[in-house]
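*Asks:* Show me the folded form of this:
(chains A and B)
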Amino acid sequence: MLQSKLSNFVRKEFPKDEEAHNARLLIRAGFIDKVMAGVYSYLPFGLRVLSKINSIVREEINKLGAQEVLMPALTPKENWQQTGRWENFDALFKVISRDKKEFALGATHEEIVVPLSQKAIFSYKDMPCGFYQIQNKFRDEPRAKSGMLRGREFVMKDLYSFHADSEDLDLYYKKAIKAYSNIFKRLGLNAWLVEASGGTFSKYSHEFQVFSPNGEDSVVYCKKCQFAQNSEINSSKSGDSCPKCKGLLEISSAIEVGNIFKLNTKYSDPFSLKFRDKDGLEKIVIMGCYGIGTSRLMGVAAELFNDEKGLIWPESIAPFQFHLVALGGGDEKESKKVYQRANKIYDQLLKLGIEVLYDDREDKTPGEKFAESDLIGIPVRLVVSARNGTKIEFKKRNMAKASLVDFSFIKKYCISQRD
RNA sequence: CGGGCUGUAGUAUAAUGGUAGUAUACAUGCUUUGGGAGUAUGCGGCCUGGGUUCGAUUCCCAGCAGCCCGACCA
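*Replies:* Next up, the predicted model:
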């Protein structure tokens, strides 16, 4: 994309109404805009990152065999009454229509997906079966905080699985854990699988937690055997011995990036979601649910991957792979040549199918271009200038050193990245 | 929902019971071009309502909004 044609949302100052590192950086670098507490717009750069996260999640969940659907955000009161959550779910956003009918904005979709699956699940042969969606969720949080980490509207992938028996659920659950691990690995996140309470969903659950000093959660963990529990179900202190391997327990604050539950019949019961089993008997469907906040993941990445100059995106979710920066100025003829060379490189990169942001703005000084480039945090910066002649300066965002290369090097680099 | 802090220009900030300042951004000109350039000119502002006062952006009260702590967090 040509930067000269893009609206520039980059700011010189951090916003005063955000304290959370992730939101400060994302807003300043022009990825998101704050609309109100806990609600943000995704700007061109931010949307690219979010879309990439969603794509990775989609790929891995598709591999699980789940089917993507899109359910409504506006949902009927009756469904929530059926499960008792119209009254019990405090964070449910409720809206009233002009004829005084009440609705809920989707905070989670058991109440919608169960009646939906009722239309496709009749036999044990119809299972296992999984439906998922990537959609905006609404939660009336008592207090929105930590920037993108706890919003009132956010993007979430929610998957619901349906099974004839609990063994099949166990199997699916294990596969889901693997899928989630793949997702976090691809995002460059070191996520721990942590046992947690099930809240109102079920007896217990598993969370995926990324350690960070700014996390809301607290995790008790053992490096030796990977034992990990949320502090809400384990009151051990740092230095206590691990119940599994007697190793040393440690405690870290952490950000929850995924949560999976065995729902069993909690939501199939109220809707009488039944099927005919091999033995001819009618039985109740067993369920699991699996959530990942993809907009939160963007916040987590921003929270973790940065330095004093700005963001540093992992390749897999960077808004662009290359930031091509042309430095004109000085002698007019030389300047023209620089932009001509840069234009050509831009075209060549596009032909290679590379996502490249091209800073072709002739009215910006080098200092401003560099500062903005670092702030945006694209993994590789390519500089074309009179000083570099026909060579291109190649610099990784997370490295201090730059090197002068030919286009053939860049081509090779792109190919190596694909493998 | 309790407690605390804060609302000044697009953004970030300063001062003040009596004409609101700086930086940046924006517009125009000239100069400049490898780490947020220089210069000149211009445009642009005190959250809302009430109270005290001759006079309130400033003090008081309320509301609204934002942030933080707590409670909550499916």
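*Asks:* can you pull out the helices in the stretch 101-250 of chain A?
*Replies:* Assigned by DSSP state H, counting those that start in this stretch, the stretch 101-250 of chain A shows helices spanning A:110-117, A:166-186.
*Asks:* Name the residues of the longest one that are buried.
*Replies:* Which is helix A:166-186. Going by neighbour count (16 or more other CB atoms under 10 Å), the buried part of helix A:166-186 is A:168-169, A:172-173, A:175-177, A:179-180, A:182-184, A:186. No exception for glycine: its C-beta is placed from N, CA and C like everyone else's.
*Asks:* would you list these in TSV and tack on pLDDT and distance to A:Glu59?
*Replies:* Below are the buried residues of helix A:166-186 laid out as TSV (pLDDT from 0 to 100; distance: CB to CB, whole Å):
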residue	pLDDT	distance to A:Glu59
A:Asp168	97	24
A:Leu169	97	23
A:Tyr172	97	18
A:Tyr173	97	20
A:Lys175	97	15
A:Ala176	97	14
A:Ile177	97	17
A:Ala179	98	10
A:Tyr180	98	13
A:Asn182	97	9
A:Ile183	98	9
A:Phe184	98	13
A:Arg186	97	9
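*Asks:* right, so of the helices of the stretch 101-250 of chain A, which gets closest to RNA strand B?
*Replies:* helix A:110-117 (8.7 Å; CB to the nearest atom of the strand).
*Asks:* distance between the closest one and the chain's centre?
*Replies:* 24 Å (CA atoms, centre = their mean, to the nearest Å).
*Asks:* and A:His163, what is it in contact with?
*Replies:* Going by CB atoms under 8 Å, 6 or more residues apart in numbering, A:His163 touches A:Met127, A:Pro128, A:Leu169, A:Tyr172, A:Val285, A:Ile286, A:Met287, A:Gly288.
*Asks:* which of the residues you listed has the most neighbours?
*Replies:* A:Val285 (29 neighbours; other CB atoms under 10 Å).
*Asks:* can you tell me how far that residue sits from RNA strand B?
*Replies:* With distances taken as CB to the nearest atom of the strand, to the nearest Å, A:Val285 is found 19 Å from RNA strand B.
*Asks:* Could you tell me the per-residue confidence at A:Gly330?
*Replies:* A:Gly330 carries a pLDDT value of 77.
*Asks:* How many residues are close by it?
*Replies:* Residues contacting A:Gly330 under the criterion other CB under 10 Å number 12.
*Asks:* and it, what does it touch?
*Replies:* Contacts of A:Gly330 (CB under 8 Å, 6+ apart): A:Ala386.
*Asks:* you'd agree it is in a strand?
*Replies:* No: counting by DSSP: H, G, I helix; E, B strand; the rest coil, A:Gly330 is not part of a strand but coil.
*Asks:* Look up how far A:Ala386 lies from it.
*Replies:* Applying CB to CB, to the nearest Å, the value for A:Gly330 to A:Ala386 is 6 Å.
*Asks:* tell me which residues of the lowest-mean-pLDDT helix or strand in chain A are tucked away?
*Replies:* Of all helical and strand segments in chain A, the minimum by mean pLDDT, DSSP states H and E falls on helix A:407-418, at a mean of 91. By 16+ other CB under 10 Å, the buried positions in helix A:407-418 come out as A:Phe407, A:Ile410, A:Cys414.
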